[in-house]
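>>> mind folding the following:
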Amino acid sequence: MHCFRIAAIPDPQSLPRILGFFAQRAIIPSTMRMRHLRQHMHIEVAVAGLDPAHAAILAAKLGEMFAVIEVGERSLSIRR
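Next comes the predicted model:
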């Protein structure tokens, strides 16, 4: 599982643009959450089944989007 932590501009189109990024690549997030803070939107998207190289590429491409201020990506270990 990989978690993408995204800071985006506080604009009504930021969330749909970021969700569209995953949809265009046929990626269905496992979980998502968004908080509207004063100066930006904080969005977390968790995706299962990505290898580390693919996750790094997705994070780099997310960082190139207009609405995105900053992107962080990390691998999550799931305990069962």
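
>>> just the helices in the chain please.
14-24, 52-63 (DSSP state H).

>>> may I see the ones you listed organised as TSV, with distance to Ala46 and mean neighbour count added?
(Glycine included, C-beta is placed from N, CA and C.) Output for the helices of the chain, formatted as TSV (distance: least, CB to CB, whole Å; neighbours: other CB atoms under 10 Å):
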stretch	distance to Ala46	mean neighbour count
helix 14-24	11	16
helix 52-63	11	14
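
>>> tabulate those (JSON lines), appending mean pLDDT.
JSON lines is the format used below for the helices of the chain (pLDDT from 0 to 100):
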{"stretch": "helix 14-24", "mean pLDDT": "96"}
{"stretch": "helix 52-63", "mean pLDDT": "95"}
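
>>> for Leu76, find the nearest of those.
For the helices of the chain, the distance to Leu76 is smallest for helix 52-63, at 10.7 Å, taking CB to CB.

>>> who are the packing partners of the closest one?
Judged by 3 or more CB pairs under 8 Å, 6 or more residues apart in numbering; DSSP states H and E, helix 52-63 is in contact with strand 2-8, helix 14-24, strand 68-75.

>>> what angle separates that helix from strand 2-8?
10 degrees (axes from the mean of the first three to the mean of the last three CA atoms, to 10 degrees).

>>> dump the helices and strands packed on helix 52-63 to TSV, plus distance to Leu62.
Written out in TSV, the entries for those read as follows (distance: least, CB to CB, whole Å):
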stretch	distance to Leu62
strand 2-8	6
helix 14-24	6
strand 68-75	5
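
>>> which stretch among these comes nearest Ala60?
With distances scored as CB to CB, the stretch of the helices and strands packed on helix 52-63 nearest to Ala60 is strand 68-75 (7.9 Å).

>>> which of the helices and strands packed on helix 52-63 sits closest to Gly49?
If you check each of those against Gly49 by CB to CB, strand 2-8 wins as the nearest, at 8.9 Å.

>>> alpha carbons only: can I get that closest one in CSV?
C-alpha atoms of strand 2-8 as CSV (Å, rounded to 0.1, in the frame of the first residue of the first chain):
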residue,chain,number,x,y,z
HIS,A,2,1.3,3.4,-0.9
CYS,A,3,0.1,6.7,0.6
PHE,A,4,0.3,9.9,-1.4
ARG,A,5,0.2,13.1,0.8
ILE,A,6,-0.7,16.0,-1.4
ALA,A,7,-0.9,19.7,-0.6
ALA,A,8,-3.1,21.5,-3.2
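
>>> alright, calling it a day.
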